[in-house]
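> Show me the folded form of this:
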Amino acid sequence: MKKEFVLPILVLTLICLFISAALAITNNFTGPVIAKAAADRAEAARSEVIPEADSFELLQVEGLPQTVREVYKTTNNAGYVFMLTVSGYGGDINIICGIAPDGTIISAKTLAHTETKGMGSKITEEPFAGQFPGKDASLEGVDAISGATISSRAYINAVKDAVAAYEIVKGVQ
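Alright, predicted model coming up:
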(Lines give C-alpha, C1' and ligand atoms only; values in the text may rest on other atoms or scores of the structure.)
Protein backbone atom coordinates (compact mmCIF):
# COMPACT_ATOMS: atom_id res chain seq x y z
CA MET A 1 0.00 0.00 0.00
CA LYS A 2 2.79 2.44 0.89
CA LYS A 3 4.56 1.78 -2.40
CA GLU A 4 1.39 2.32 -4.42
CA PHE A 5 0.62 5.57 -2.64
CA VAL A 6 3.99 7.17 -1.82
CA LEU A 7 5.90 6.35 -5.04
CA PRO A 8 3.57 8.27 -7.43
CA ILE A 9 3.57 11.28 -5.09
CA LEU A 10 7.36 11.23 -4.91
CA VAL A 11 7.69 10.94 -8.72
CA LEU A 12 5.25 13.80 -9.34
CA THR A 13 7.03 15.96 -6.76
CA LEU A 14 10.40 15.34 -8.43
CA ILE A 15 8.94 16.15 -11.86
CA CYS A 16 7.48 19.43 -10.53
CA LEU A 17 10.80 20.38 -8.93
CA PHE A 18 12.69 19.62 -12.15
CA ILE A 19 10.26 21.62 -14.32
CA SER A 20 10.30 24.55 -11.84
CA ALA A 21 14.10 24.61 -11.87
CA ALA A 22 14.15 24.51 -15.69
CA LEU A 23 11.69 27.44 -15.87
CA ALA A 24 13.72 29.44 -13.33
CA ILE A 25 16.92 28.91 -15.33
CA THR A 26 15.17 29.85 -18.59
CA ASN A 27 13.74 33.00 -16.97
CA ASN A 28 17.19 33.90 -15.64
CA PHE A 29 18.59 33.91 -19.19
CA THR A 30 15.63 35.45 -21.04
CA GLY A 31 14.51 38.04 -18.44
CA PRO A 32 17.24 40.60 -19.19
CA VAL A 33 16.79 40.17 -22.95
CA ILE A 34 13.04 40.76 -22.67
CA ALA A 35 13.57 43.81 -20.43
CA LYS A 36 16.09 45.30 -22.88
CA ALA A 37 13.72 44.74 -25.82
CA ALA A 38 10.90 46.49 -23.93
CA ALA A 39 13.20 49.41 -23.09
CA ASP A 40 14.29 49.66 -26.73
CA ARG A 41 10.64 49.70 -27.91
CA ALA A 42 9.81 52.44 -25.40
CA GLU A 43 12.82 54.50 -26.53
CA ALA A 44 11.80 54.06 -30.18
CA ALA A 45 8.24 55.21 -29.38
CA ARG A 46 9.57 58.30 -27.61
CA SER A 47 11.84 59.06 -30.58
CA GLU A 48 8.90 58.64 -32.93
CA VAL A 49 6.80 61.33 -31.23
CA ILE A 50 9.74 63.75 -30.95
CA PRO A 51 12.10 62.82 -33.80
CA GLU A 52 14.51 65.73 -33.18
CA ALA A 53 15.26 64.58 -29.62
CA ASP A 54 18.80 63.46 -28.77
CA SER A 55 17.80 61.39 -25.74
CA PHE A 56 15.27 61.40 -22.93
CA GLU A 57 15.43 61.93 -19.19
CA LEU A 58 12.74 60.47 -16.91
CA LEU A 59 11.22 63.14 -14.65
CA GLN A 60 9.77 62.50 -11.21
CA VAL A 61 6.99 65.05 -10.71
CA GLU A 62 4.18 65.06 -8.16
CA GLY A 63 0.60 66.21 -8.77
CA LEU A 64 0.21 65.03 -12.35
CA PRO A 65 -3.17 63.90 -13.71
CA GLN A 66 -3.97 60.29 -12.84
CA THR A 67 -3.75 59.15 -16.47
CA VAL A 68 -0.10 60.22 -16.80
CA ARG A 69 2.18 57.25 -16.05
CA GLU A 70 5.58 58.67 -17.01
CA VAL A 71 7.06 61.98 -18.14
CA TYR A 72 10.28 62.38 -20.11
CA LYS A 73 12.15 65.54 -20.99
CA THR A 74 14.40 65.62 -24.03
CA THR A 75 18.03 66.38 -23.22
CA ASN A 76 18.26 68.91 -26.09
CA ASN A 77 15.09 70.81 -25.00
CA ALA A 78 13.06 69.62 -28.00
CA GLY A 79 10.06 68.92 -25.76
CA TYR A 80 8.40 66.51 -23.37
CA VAL A 81 6.95 63.03 -23.79
CA PHE A 82 3.97 61.84 -21.77
CA MET A 83 3.00 58.19 -21.38
CA LEU A 84 -0.72 57.94 -20.65
CA THR A 85 -3.24 55.21 -19.88
CA VAL A 86 -7.00 55.87 -20.11
CA SER A 87 -10.06 53.66 -20.01
CA GLY A 88 -11.86 53.40 -23.33
CA TYR A 89 -14.91 51.41 -24.33
CA GLY A 90 -13.05 48.10 -24.62
CA GLY A 91 -10.45 48.59 -21.91
CA ASP A 92 -7.24 50.51 -21.41
CA ILE A 93 -5.73 52.67 -24.14
CA ASN A 94 -2.00 53.39 -23.88
CA ILE A 95 -1.04 56.66 -25.55
CA ILE A 96 2.21 58.52 -26.01
CA CYS A 97 2.11 62.28 -26.55
CA GLY A 98 4.97 64.61 -27.45
CA ILE A 99 4.67 68.30 -26.60
CA ALA A 100 7.03 71.03 -27.80
CA PRO A 101 8.56 73.57 -25.40
CA ASP A 102 6.01 76.16 -26.59
CA GLY A 103 3.11 73.90 -25.51
CA THR A 104 1.98 72.73 -28.96
CA ILE A 105 1.45 69.05 -29.55
CA ILE A 106 4.10 67.48 -31.75
CA SER A 107 2.50 64.06 -32.01
CA ALA A 108 0.09 61.72 -30.24
CA LYS A 109 0.11 58.01 -30.93
CA THR A 110 -1.72 54.94 -29.66
CA LEU A 111 0.71 52.36 -28.30
CA ALA A 112 -1.82 49.67 -27.34
CA HIS A 113 -5.58 49.32 -27.07
CA THR A 114 -8.39 46.78 -26.76
CA GLU A 115 -11.06 48.84 -28.46
CA THR A 116 -13.70 47.31 -30.74
CA LYS A 117 -12.22 46.44 -34.11
CA GLY A 118 -13.63 48.63 -36.87
CA MET A 119 -15.15 51.24 -34.55
CA GLY A 120 -13.10 52.10 -31.48
CA SER A 121 -9.92 51.06 -33.25
CA LYS A 122 -10.36 54.09 -35.52
CA ILE A 123 -8.47 56.05 -32.85
CA THR A 124 -5.30 54.69 -34.45
CA GLU A 125 -6.24 55.70 -38.00
CA GLU A 126 -6.37 58.89 -40.02
CA PRO A 127 -8.01 61.36 -39.91
CA PHE A 128 -8.52 61.05 -36.12
CA ALA A 129 -4.90 60.39 -35.20
CA GLY A 130 -3.68 63.23 -37.39
CA GLN A 131 -5.79 65.92 -35.71
CA PHE A 132 -3.45 66.56 -32.79
CA PRO A 133 -0.09 67.77 -34.20
CA GLY A 134 0.17 71.55 -34.05
CA LYS A 135 -2.74 71.98 -31.61
CA ASP A 136 -2.43 73.93 -28.38
CA ALA A 137 -4.12 73.39 -25.01
CA SER A 138 -7.55 74.26 -26.41
CA LEU A 139 -7.49 71.32 -28.87
CA GLU A 140 -9.73 73.48 -31.03
CA GLY A 141 -10.89 71.62 -34.14
CA VAL A 142 -10.33 68.13 -32.71
CA ASP A 143 -13.44 66.03 -33.30
CA ALA A 144 -14.57 62.75 -31.78
CA ILE A 145 -15.31 59.75 -33.97
CA SER A 146 -19.01 59.25 -34.69
CA GLY A 147 -20.02 55.82 -33.41
CA ALA A 148 -16.92 55.54 -31.27
CA THR A 149 -17.37 58.50 -28.98
CA ILE A 150 -16.34 56.71 -25.78
CA SER A 151 -13.00 55.64 -27.25
CA SER A 152 -12.28 58.92 -29.02
CA ARG A 153 -13.37 61.08 -26.06
CA ALA A 154 -11.11 59.03 -23.78
CA TYR A 155 -8.24 59.64 -26.22
CA ILE A 156 -8.97 63.37 -26.43
CA ASN A 157 -9.19 63.61 -22.63
CA ALA A 158 -5.84 61.79 -22.34
CA VAL A 159 -4.24 64.35 -24.64
CA LYS A 160 -5.81 67.13 -22.53
CA ASP A 161 -4.25 65.47 -19.47
CA ALA A 162 -0.88 65.47 -21.25
CA VAL A 163 -1.25 69.21 -21.89
CA ALA A 164 -2.23 69.76 -18.23
CA ALA A 165 0.80 67.72 -17.15
CA TYR A 166 2.97 69.81 -19.46
CA GLU A 167 1.81 72.95 -17.65
CA ILE A 168 2.94 71.38 -14.36
CA VAL A 169 6.20 69.95 -15.71
CA LYS A 170 7.45 72.95 -17.70
CA GLY A 171 8.15 74.83 -14.48
CA VAL A 172 10.17 71.93 -13.07
CA GLN A 173 13.65 71.94 -14.58
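
> quick one: contacts for residue 132?
97, 105, 107-108, 139, 142, 159 (CB atoms under 8 Å, 6 or more residues apart in numbering). No exception for glycine: its C-beta is placed from N, CA and C like everyone else's.

> For those, give me CSV that also has secondary structure and pLDDT.
Formatted as CSV, the contacts of residue 132 follow (DSSP: H, G, I helix; E, B strand; the rest coil; pLDDT from 0 to 100):
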residue, secondary structure, pLDDT
97, strand, 94
105, strand, 93
107, strand, 91
108, strand, 91
139, coil, 83
142, coil, 84
159, helix, 92
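
> can you put these in CSV and add distance to residue 81?
Conversion of the contacts of residue 132 to CSV gives the following (distance: CB to CB, whole Å):
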residue, distance to residue 81
97, 7
105, 11
107, 9
108, 11
139, 18
142, 20
159, 13
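
> Please state the offset of the helix ranked longest in the chain from the chain centre?
Using DSSP state H, we find that the single longest helix of the chain is helix 2-49. Relative to its chain's centre, helix 2-49 lies at 25 Å (CA atoms, centre = their mean, to the nearest Å).
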